[in-house]
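**Q** fold the following, please.
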Amino acid sequence: MTAVLIHLTKKDVHDSALMGADTVKLCEMQGFPPRLENDKQSRVEANIYGFKAEFAVARLFGLEPPTVNVLTDGGVDLWFDDISIDVKLTNREDGPLVFDNIDKFQADCAVLVSKTNHPARMRILGFVTKNMFESNSYAHDFGYGQRLVMDAKSMKPIEMLWRKMMERRFLGGGN
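**A** The predicted structure follows:
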């Protein structure tokens, strides 16, 4: 697996902090507590890093940056032409990619991004399509119910997604 290290701009880091805090506040204002199953970080911090992951993928591919969604993002964080991307964050350098169940995988592909020790650097670990995830995932209980999990080493290199998209864009193929 080839990971790609992305250094975010100061604006990306700043925007991620604002968007992460805003998302949690919007949830609270609607009367429901934001979901968090991690005692090691706050929901605001988790959302901030989620937005940093989205900014990293957007910057790598030159996509429109992420936005705050009030109700739902419909399982889609970014668009690469007409291909939808769900950006997933992991706090571990080596993954894994986790979905609650296969129905939660709603985008055309998922891109896994990990935190690093540097607050402005994110590591893009790879990507997978829904069919690939369904074929290669396994059930695991992290202490809050069964989830579907795929090891990062089983994912496709992020360069392959870029190549497929360029082939689609410029050659009209690359399924």
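
**Q** so for stretch 142-158, what gets flagged as buried?
**A** Across stretch 142-158, burial judged by 16 or more other CB atoms under 10 Å covers 147-150, 152, 154-158. Where C-beta positions appear, they are placed from N, C-alpha and C, glycine not excepted.

**Q** among those residues, which are in strands?
**A** Under the assignment DSSP state E, those contribute 147-150 to strands.

**Q** need the three-state assignment for residue 44.
**A** What DSSP: H, G, I helix; E, B strand; the rest coil gives for residue 44 is helix.

**Q** for stretch 2-17, how far is the first residue from the last?
**A** Its start and end residues considered, stretch 2-17 measures 28 Å (CA to CA, to the nearest Å).

**Q** which residues touch it?
**A** Stretch 2-17 is contacted from outside by 48-49, 51-52, 55-56, 59-60, 65, 114, 116, 119-126, 157-159, using CB atoms under 8 Å, 6 or more residues apart in numbering.

**Q** out of those, which end up buried?
**A** For these, buried by 16+ other CB under 10 Å: 48-49, 51-52, 55-56, 59-60, 65, 114, 122-126, 157-158.

**Q** returning to what we had before: tabulate the ones in strands among the buried residues of stretch 142-158 (a markdown table), appending pLDDT.
**A** Output for those, formatted as a markdown table (pLDDT from 0 to 100):
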| residue | pLDDT |
| --- | --- |
| 147 | 94 |
| 148 | 96 |
| 149 | 96 |
| 150 | 96 |
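
**Q** worst-scoring helix or strand of the protein, pLDDT-wise?
**A** helix 10-29 (a mean of 88; mean pLDDT, DSSP states H and E).
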